[in-house]
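Q: next come a sequence and a model predicted from it.
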Protein chains: 2
Amino acid sequence: MLTVSEALAAITSTVQRGPVVEISLEDALGQVLAESVVSDLDSPPFDKALMDGYAVRAGDLAGRTTFEVIEEVTAGRVPSRSVGTGQATRIMTGAPIPPGADTVVPVEETEFQAGVPDSILGQVMLRNSANCRAGQFVLKQGAAVRRGTQVMAAGRLLRAQEIAALAELGYARVRVIRRPRVAILATGDELVPAAQSPGPGQIRNSNEPMLAAQVQQAGAEPIRLGVARDERQALRERIDAGLQCDFLLLSGGVSAGKLDLVPSELAAAGVRQIFHKIQMKPGKPLWFGILERSTNESPCYVFGLPGNPVSSMVCCELFVRAALRRWQGLEPAVVEPIMAQLTANISLSSNRPTYHPAHFAWTSEGPRVSLIDWVGSSDVCATVDANCTALLRAGDHKWNAGDSLEVFLWP
Amino acid sequence: MLTVSEALAAITSTVQRGPVVEISLEDALGQVLAESVVSDLDSPPFDKALMDGYAVRAGDLAGRTTFEVIEEVTAGRVPSRSVGTGQATRIMTGAPIPPGADTVVPVEETEFQAGVPDSILGQVMLRNSANCRAGQFVLKQGAAVRRGTQVMAAGRLLRAQEIAALAELGYARVRVIRRPRVAILATGDELVPAAQSPGPGQIRNSNEPMLAAQVQQAGAEPIRLGVARDERQALRERIDAGLQCDFLLLSGGVSAGKLDLVPSELAAAGVRQIFHKIQMKPGKPLWFGILERSTNESPCYVFGLPGNPVSSMVCCELFVRAALRRWQGLEPAVVEPIMAQLTANISLSSNRPTYHPAHFAWTSEGPRVSLIDWVGSSDVCATVDANCTALLRAGDHKWNAGDSLEVFLWP
């Protein structure tokens, strides 16, 4: 039986990065950059006014208070005249500084007198030129980014900030790692859909909607395959459908029970087992394998998750997320835990390390974690209070409030 | 000029909660619950086996090691026989405990001898009944959730955990606050689309893709209206289109410049100004108003954001997010800042409080914040290093590494 870190190492050394696709910038939020992004221009592309006002020569500011206004330049327009000694161009924020000028005097510090009524030309007086610094309110060409500079490297998750930078740099289309398609198949004769009232001995299928939401949160596209009964033929057909995707997640059917058909049906479908069972709680029966394809196609990675929904949830966050991150090129694939102090005393006896659903909060005193109150790994309603798992080591232990635990945050 | 907290108070007292819609659970991730969720059944709905094994009577464990196996119950099936003294029912994880039995002995601790070859009936021997506790591996009906219990209240953001609980509780459809539709309109003669190479005096339109991504991150649906030129007719037509949505965000055209037409064109379209200009940096020209409609329709809330992309980004996270949260029914609408220690000395002189783009990290020593290195509020490429703003108070101040600042995290 592998340890959790051996299992994670096996997963991240098996999963390969997914294929690259080019998409519209409009669709890029939450995707992962597959290329480095280099500026195709200086930013700003010209010396730019940072205020509405008058562009003048700094050398004129010492002795002179009145300037001849020779032109007006609004944003998006180009100056047609050079600014000479004693001259000024009226300029709007964002507009290019005219040749000759190097300093902007804000409009609030000036008084304008039109040469003829309503003319944009005339004379402007500076109220207090002593306030002006040479070069003020001008952003020099290339001050933010020089043409040819790398602004982002491949492997970056695209948030609003990156989308804005990509737009500025001209990436109307962008090369990203294709979103992984993740088939989800719940197994078990006891499962009925959420819309149905469970009959005697039945429970509702929470695993499929839950796993679909989890993989969406991880940036993948869920493909819902419904429920397979504990019967070879039905299971095999759904497995074959799921193997068309990049990942196949099954829940249930991986324990040692008589009806736990998943491992043998996966083997029959050509999926090679990488591991089965790990030293952890909940989630001991976890199964992981790969279907290699004969062509140039990328493989299908297969997880057999436990049937109990909380076990499935915990394993998905811990193992499937690492696999998806590796596929997407996000580093590190295995997100590091953070340390947090327990809020209450606990004691636990277990022969395996326990990843206990827990609530994590940043408080003014620092990071804190509280185990959620649950009745075990079928208690999915209790997880609405959880946003992480806390790691409790194997053995017979007591922990006191204030002790530090490793915490694995959920999205 | 309002302070930031006055502006936030004006926004959150103006914006009303959006309408309720019923959607499929499949589409519910990231939406906000509009109803309280009550369990329609006990969970588990029956006394349930937590292990594969044999269901027996606890009272038998003291004196007896051999039991007659009278039936097998797999998950999804129902026991047809009561378990009497000296009897056992073979049971799979998740299956209902038969009447009479109250304890499960795991299959690993037993040895089975079929009555006739391949029969499921026969005799089972317990290896060590001293290991067994009365009631073990049985989850009692209703132990997790009692029928009629409220599991979640309205106003909850739906993550994978909530989706799982909703599925278990039978909410195949769920009432949520409709996703707000947010029109986005960038203004300015200097703007060209990302796909285009800027000509002299032009820059690319990063505000539209950026704001679209920001509102998506906040759970809203962006409606992209392109760029309006600094010209009344063009601007007015786009504004009228945008006012069909729940929110309209404009960027640019709200300063005091000659071509800043946004406030007057909004007024002409019937939008009532709530405030214009706030005491902050960047973002001083922020404009906020409301279009009340004559019918039962909900109003359109309008933000005039600054044209500089980083100012627009900062104002969107600070103000538009609060408005969207109030509309969605997420509490608190205004997300509280957290305190973090500066990593380097800084000094700043400003007549208004500055919300400086910054990088926040939880380190093993606690929360830390570093201001990003930028050349001002047009420097959108610098924001790829930012994940928050840090608040620097107005005046002429120095801060030392280790000083605490209020930090406003971005999503």
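A: The structure has been received and is ready for your questions.

Q: please count neighbours and contacts with C-alpha atoms only from this point.
A: Fine.

Q: so how far is the helix or strand hosting A:Arg325 from its chain's centroid?
A: Per DSSP states H and E: A:Arg325 is located in helix A:321-328. Relative to its chain's centre, helix A:321-328 lies at 12 Å (Cα atoms, centre = their mean, to the nearest Å).

Q: near chain B, which residues of the stretch 51-200 of chain A are found?
A: Residues of the stretch 51-200 of chain A lying close to chain B by Cα under 8 Å from any Cα of the partner chain are A:52, A:75-78, A:92, A:94-96, A:139, A:143-145, A:151-152, A:159-173, A:188-191, A:193-197, A:200.

Q: show me chain A divided up by domain.
A: For chain A, automatic domain parsing gives the domain ranges A:4-17+A:178-327, A:21-43+A:144-177, A:48-139, A:338-409.

Q: and B:Asp42, which of the ones you listed is closest to it?
A: Of all the domains of chain A, it is domain A:4-17+A:178-327 that lies closest to B:Asp42, at 10.6 Å by Cα to Cα.

Q: residue contacts, the nearest residue to A:Glu26 once chain neighbours are set aside?
A: Of all residues not flanking A:Glu26 in the chain, B:Pro209 sits nearest, at 6.7 Å (Cα to Cα, 6 or more residues apart in numbering or on different chains). Contacts for B:Pro209 were tallied using Cα atoms under 8 Å, 6 or more residues apart in numbering or on different chains; they are A:Leu25, A:Glu26, A:Ala160, A:Ile163, A:Ala164, A:Ala167.

Q: so where's chain A shaky on pLDDT?
A: Chain A contains residues with pLDDT under 70 at A:255-259.

Q: need the contact partners of the helix holding A:Arg325.
A: Contacts to helix A:321-328, defined as Cα under 8 Å, 6+ apart, come from residues A:8, A:11-12, A:15-18, A:32, A:155, A:177-180, A:215, A:218, A:220, A:331-335.

Q: among these, which are in strands?
A: Of the contacts of helix A:321-328, the ones assigned to strands by DSSP state E are A:Ile177.

Q: so of the contacts of helix A:321-328, which ones are in helices?
A: Of those, the ones assigned to helices by DSSP state H are A:Leu8, A:Ile11, A:Thr12, A:Val215.

Q: so the residue nearest to A:Glu26 sits in a strand?
A: No: per DSSP: H, G, I helix; E, B strand; the rest coil, B:Pro209 lies outside any strand segment and is helix.

Q: so what's the residue in chain A sticking out farthest from the centre closest to, chain neighbours aside?
A: Largest separation from the mean C-alpha position in chain A: A:Val116, at 58.6 Å (Cα atoms, centre = their mean). Nearest non-adjacent residue to A:Val116, counting by Cα to Cα, 6+ apart: A:Gly122, 7.4 Å away.

Q: spit out the contact partners of the one you found.
A: A:Glu68, A:Val69, A:Ile70, A:Phe112, A:Gln113, A:Ala114, A:Gly115, A:Val116.

Q: so which bits of the longest strand along chain A are buried?
A: Among the segments of chain A that qualify as a strand by DSSP E, the longest is strand A:354-363. For strand A:354-363, burial by neighbour count (16 or more other Cα atoms under 10 Å in any protein chain shown) applies to A:Thr354, A:Tyr355, A:His356, A:Pro357, A:Ala358, A:His359, A:Phe360.

Q: which of these lies closest to chain B?
A: Nearest to chain B among those: A:Pro357, at 10.8 Å, using Cα to the nearest Cα.

Q: which residues are in contact with A:Ser312?
A: Counting by Cα under 8 Å, 6+ apart, A:Ser312 makes contact with A:Asn207, A:Leu211, A:Ser251, A:Gly283, A:Leu305, A:Pro306.

Q: most neighbours out of those, which is it?
A: Across those, neighbour numbers were computed from other Cα atoms under 10 Å in any protein chain shown; A:Asn207 holds the maximum, 33 neighbours.

Q: distance of that residue from A:Gln161?
A: Per Cα to Cα, to the nearest Å, A:Asn207 is found 34 Å from A:Gln161.

Q: repeat for A:Val15
A: According to Cα to Cα, A:Val15 and A:Gln161 sit 29 Å apart.

Q: neighbour count for these two, which is higher?
A: Looking at A:Val15 and A:Gln161 with other Cα under 10 Å, you find the greater number of neighbours at A:Gln161, namely 26 against 20.

Q: hang on, the more buried one in a helix?
A: Yes: counting by three-state DSSP, A:Gln161 is part of a helix.

Q: return the closest of the buried residues of strand A:354-363 with respect to B:Leu41.
A: A:Pro357 (23.5 Å).

Q: helix or strand: which one has the residue lying closest to that closest one once chain neighbours are set aside?
A: Distances taken as Cα to Cα, 6+ apart place A:Thr389 nearest to A:Pro357, at 4.3 Å, with adjacent residues excluded. Here A:Thr389 sits within strand A:388-392, counting by DSSP H and E.

Q: and for the residue of the stretch 1-150 of chain A found nearest chain B, the neighbour number?
A: The minimum distance from the stretch 1-150 of chain A to chain B, using Cα to the nearest Cα, falls at A:Gly76 (3.3 Å). For A:Gly76, the number of neighbouring residues by other Cα under 10 Å comes to 22.
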